[in-house]
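Participant: compute the structure for the input listed below.
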Amino acid sequence: MDPDNEVESTFRQENEKDEEQRKRMKRPPSSYGSMKTESEGMEEEEEEECKEEVAEACLPVATADHDETGLLFTRPDSPQTLYTTTTEQTQPPGAVFIDTRSSDLEDHSEDDVEDMDEFLVADSPEPPEPVELDDEMQTDECQPGKLHPEQDLPHIFKSIQSMLTGFTREELYQFKMWFYQSEPSITLQQVMDGDILDFVDKIIEILGQDRALLHTISTLQNIKKHPEAEELRNLCKRALIRFHLKQYLIRKHQVIREGVVRAGKQNFLENIYVEPQISTCGYGGVDNFHEFRSQPPTPHQIPSPDTFVGVNNLFRLQKGNGQLVRTVVTTGIAGIGMSVSVGKVSLDWAELRANKDLQFIIKLSFNSLWYLRNRNLPPLQKMSIMEVLEYYHPELKNMKYLEEEDCKFLIIMDSYDCYQAPLDWEHAPVINDNHTPAHPDVLIVNIIRGTVLRGARVWILGRRAAVSQIPSKFIDVVTEIQGFSDAMKDEYLLKRFYEADVASDIVAHYKRQPSLVMLCRQPFVCWMVATVFERCFRFLGYGMHPPRLTPFYINILTVQMNRRLQFYQGKAENELKWSRDDKDLLIKMGKMAFKMLERKTSVFFEDDVKEYGLNLTEVTVFSGLCTELPNAASDSRRTFCFIHFTFQEFMAALYVFTMFRTDAKNVLVSGLWHVPKIFTSKDQTKSAVGLVHCALDRTFTSPLGVYDMFLRFLCGLLSPHCHHEQLGGFLFSHHAPKVAGLGEVRQLLEKTIQSGPEDRVENLKECLREMTQEDE
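Facilitator: Prediction:
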């Protein structure tokens, strides 16, 4: 009797099974591909006479329950596995599979076997390789490519089986008992029933291939089989490394972090994810929409739909010579969804939904490299790229696979703008292997050059003003996240809420404000709309009036400034207090925006930034309020703009209001040829009504759209909810008094609505509502 049958016999005796059950268990255990009817099994018990009868008993017999095959699996209580499915796929027409592990088959001679029906196919104990669909047959949902053989299920199965095959009866029994006792999801009967193949099949079905492998290794160690455990670990090392990387990525990205994390309010990325539009022809990512202008002073190009590419297909793009790309740069404005795109690619790979042909995905963010450069490395100490990878991923220690020519893996290097040191692309030393120690600056240059981690696909993400410093000769393709289309905005908001009526209310409400619809092109603003309106709709009567616009622009400003403190200055969440320098940055940026408004332009250059005493990187990268436009200037100067023209108008209004509130200064007077007749002296222009009157004068003396949104934002900032509650503690002191004289401003606006130009009336009503509505 073989060891498997003896273990089964022992188990049956301990459980005192009845005589009939013991007889049934004596027949040969089933294996993958072995398919017999129950009646055939009874015949085999009774006859067992000769090899011809054995072969005859294995032939399919039609039954009422199995009209197509006439076959019944010998393990009816077990779901079909990959091997069962594969057996059906590879089975020739009319063929049946016999179990070669049966002791009865040992009596067959070679001549007898040759005489058997040509359609009889012997199933070896080794499971067949799974059938892969051709690449042409694959769809976007089922991407081309397959797992590396050493990471696929057949290799894991065979490796576990080979470790257990050499065990004695007592050792196998001890292993199964240890395995059962330390794994609560498996029953004793599931462990003890069947032979080794059935046992391996069952644990993979229940635990999955990764957990089954890890549990097998730990059980081998528990029963003091350390050489076997080490051998199994080495046989499946490629799969184990993938598992550890997969678990890291799942922990990192499975739950999406949105704003301030609240207990019980976390969302799974997969539940709310909507893929944004990603274009291979980026033009800066700035939307041209404006409520009053057909196009802004400096119109921007919009990419066509035929340039869009799926986030999981970035490394299936081809260069001009037909070769697949190696280095992909993805950029976009702040809040457009770069970090979430990284999470989506990582999760889809980890859960085998996409890019299965990538053996490894290794996250190596520039933020981590910056931290390593400044805090963890003693002066002058150098590290090789493998040491850096091992520092963040210890499971990669002594891994040689990354040096193999056919090893296909991806390095994700996001947050390029977090690495604040300049990189010397021309004179950095060249490194030709993965084990040469070097400074992090040099390592980064050589990774992007392709001299280190030669087989890697490299995905670099960052804001355009930062990644534009990478020489184009090292980049195969630049992609730009364009954000959500109108349909995607609605889909995102509807997916966030279980209550359909709440979701539909929010979608209908935000669409009442055209500029807000435009802003929701950024997933970050969509999240803000969902969060704010969900809270607002809890109050009875909310939703009677359209939403105000100014509070949302203040929220965007506040979040981006706080992110700047966290990501670029390393501040903790409880340390986000704006310093004098932070406030000065906003005031100077607002002044620049105001002067651009006066000059009727929406772009600025490096010289403009210096003119107002600003740092280019602070303005165009760290602030999150501006972006770089690619190749916009004919004289090759770098060209920049605000993330939207309305944001330039908002920043200009914020500057005017701040000067009025903190310095009692009306900067609008200096731009007027004369003081309006309503005022007897310039001192009267320093009141709230004087400020608004000057803004009205500018608006009415300029073409439609030049100052109209500026006026609306200025009136919105006069609202106590905006300047005292939202900006209090940030731009202004908590103890600063509220702006007085709003009653006079209200009377002025109401009077102007009645007598003002017809094409300005609707905006004047919006200005009044921005200042007086108090429903948020």
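
Participant: switch to C-alpha atoms for all contacts and neighbour counts from now on
Facilitator: Noted.

Participant: export the strand or helix carrying S339 as PDB, just CAs?
Facilitator: Applying DSSP states H and E as the criterion places S339 in helix 338-350. Provided in PDB are the C-alpha atoms of helix 338-350 (Å, rounded to 0.1, in the frame of the first residue of the first chain):
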ATOM      1  CA  MET A 338      -1.600  61.000 -11.100                       C
ATOM      2  CA  SER A 339      -1.400  59.300  -7.700                       C
ATOM      3  CA  VAL A 340      -4.700  57.500  -8.200                       C
ATOM      4  CA  SER A 341      -3.500  56.300 -11.700                       C
ATOM      5  CA  VAL A 342      -0.500  54.800 -10.100                       C
ATOM      6  CA  GLY A 343      -2.700  53.100  -7.600                       C
ATOM      7  CA  LYS A 344      -4.900  51.700 -10.300                       C
ATOM      8  CA  VAL A 345      -2.000  50.200 -12.300                       C
ATOM      9  CA  SER A 346      -0.500  48.700  -9.200                       C
ATOM     10  CA  LEU A 347      -3.800  47.100  -8.000                       C
ATOM     11  CA  ASP A 348      -4.700  45.800 -11.400                       C
ATOM     12  CA  TRP A 349      -1.200  44.100 -11.700                       C
ATOM     13  CA  ALA A 350      -1.400  42.800  -8.200                       C
END
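
Participant: who does the helix or strand just after it pair with, and is each partner parallel or antiparallel?
Facilitator: On the C-terminal side of helix 338-350, the closest following helix or strand by DSSP H and E is strand 360-363. Here strand 360-363 is paired, per DSSP bridges, with strand 409-413 (parallel).

Participant: okay, buried residues for the helix holding S339 please.
Facilitator: 338, 340-350 (16 or more other CA atoms under 10 Å).

Participant: what angle separates it from strand 409-413?
Facilitator: Angle, helix 338-350 to strand 409-413, by axes from the mean of the first three to the mean of the last three CA atoms, to 10 degrees: 160 degrees.

Participant: now for helix 338-350, which elements pack on it?
Facilitator: Applying 3 or more CA pairs under 8 Å, 6 or more residues apart in numbering; DSSP states H and E, we find helix 338-350 packed against helix 237-253, helix 269-272.

Participant: contacts for the longest one, please.
Facilitator: It refers to helix 237-253. Identification of contacts with helix 237-253 by CA atoms under 8 Å, 6 or more residues apart in numbering yields 150-152, 210, 233, 269, 343-344, 346-347, 349-351, 359-362, 393, 395-396, 401.

Participant: for the helix holding S339, what is the distance to the chain centroid?
Facilitator: Distance of helix 338-350 from its chain centroid, counting by CA atoms, centre = their mean, to the nearest Å, is 3 Å.

Participant: on that earlier part again, can you flag the buried ones in the contacts of helix 237-253?
Facilitator: Looks like the contacts of helix 237-253 have 150-152, 210, 233, 269, 343-344, 346-347, 349-350, 359-362, 393, 395-396, 401 buried, using 16+ other CA under 10 Å.

Participant: re the thing from before, from the buried residues of helix 338-350, pick the one nearest V286.
Facilitator: M338 (15.6 Å; CA to CA).

Participant: ok, that closest one - contacts?
Facilitator: The contact partners of M338, taken as CA under 8 Å, 6+ apart, are 330-332, 461-462, 481.

Participant: these in strands, which ones?
Facilitator: If you go by DSSP state E, the contacts of M338 have 330-331, 461, 481 in strands.

Participant: right, and F524 touches I333 too?
Facilitator: No: between F524 and I333 there is no contact, the gap being 10.7 Å when judged by CA atoms under 8 Å.

Participant: neighbour count: those two, which is higher?
Facilitator: I333 (28 against 18; other CA atoms under 10 Å).

Participant: check the gap between the spatially closest residue to W349 that is not a sequence neighbour and Q323 for me.
Facilitator: Taking CA to CA, 6 or more residues apart in numbering, and ignoring the residues beside it in sequence, W349 has N355 as its nearest neighbour in space, at 5.8 Å. Separation of N355 from Q323 (CA to CA, to the nearest Å) stands at 17 Å.

Participant: more neighbours: which of the two?
Facilitator: Higher neighbour count among N355 and Q323: N355, with 26 against 10, using other CA under 10 Å.

Participant: can you verify S504 is assigned to a strand?
Facilitator: No: going by DSSP: H, G, I helix; E, B strand; the rest coil, the assignment for S504 is helix, not a strand.

Participant: picking that back up, now distance to E491 and pLDDT too, for the contacts of M338, in a markdown table please.
Facilitator: Below are the contacts of M338 laid out as a markdown table (distance: CA to CA, whole Å; pLDDT from 0 to 100):
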| residue | distance to E491 | pLDDT |
| --- | --- | --- |
| T330 | 24 | 97 |
| T331 | 23 | 96 |
| G332 | 21 | 94 |
| L461 | 25 | 97 |
| G462 | 26 | 96 |
| I481 | 18 | 96 |
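
Participant: surely N313 is in a helix?
Facilitator: Yes: counting by three-state DSSP, N313 is found in a helix.

Participant: residues in contact with the residue sitting nearest the centre point of the chain?
Facilitator: In the chain, the C-alpha nearest the mean C-alpha coordinate belongs to G343, at 1.9 Å (CA atoms, centre = their mean). Contact analysis of G343 by CA under 8 Å, 6+ apart lists 249, 252-254, 269.

Participant: now with 7 Å, please.
Facilitator: Residues near G343 by CA atoms under 7 Å, 6 or more residues apart in numbering: H253.

Participant: same thing with D490?
Facilitator: V507.

Participant: again, but for the one 4 residues further on
Facilitator: Contacts for L494 (CA under 7 Å, 6+ apart) come out as A503.

Participant: per-residue confidence at it?
Facilitator: Turning to L494, the model gives it a pLDDT of 92.

Participant: hang on, the earlier thing: export the helices and strands packed on helix 338-350 to CSV and tack on distance to Q420 and mean pLDDT?
Facilitator: Listed next are those as CSV, based on distance: least, CA to CA, whole Å; pLDDT from 0 to 100:
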stretch, distance to Q420, mean pLDDT
helix 237-253, 24, 96
helix 269-272, 29, 93
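
Participant: of those, which is nearest Q513?
Facilitator: Nearest of the helices and strands packed on helix 338-350 (CA to CA): helix 269-272, 23.5 Å.

Participant: so which bits of that closest one are buried?
Facilitator: For helix 269-272, by 16+ other CA under 10 Å, it's 269, 272.

Participant: and what of stretch 749-766?
Facilitator: 749, 752-753, 760-761, 763-764, 766.

Participant: let's have these in CSV, adding distance to C722, pLDDT and secondary structure.
Facilitator: Formatted as CSV, the buried residues of stretch 749-766 follow (distance: CA to CA, whole Å; pLDDT from 0 to 100; DSSP: H, G, I helix; E, B strand; the rest coil):
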residue, distance to C722, pLDDT, secondary structure
L749, 19, 96, helix
T752, 23, 95, helix
I753, 23, 95, helix
R760, 24, 93, helix
V761, 23, 94, helix
N763, 19, 95, helix
L764, 19, 96, helix
E766, 15, 96, helix
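
Participant: pull the most distant pair out of the residues you listed.
Facilitator: The widest separation within the buried residues of stretch 749-766 (CA to CA) is 12.6 Å, between T752 and E766.
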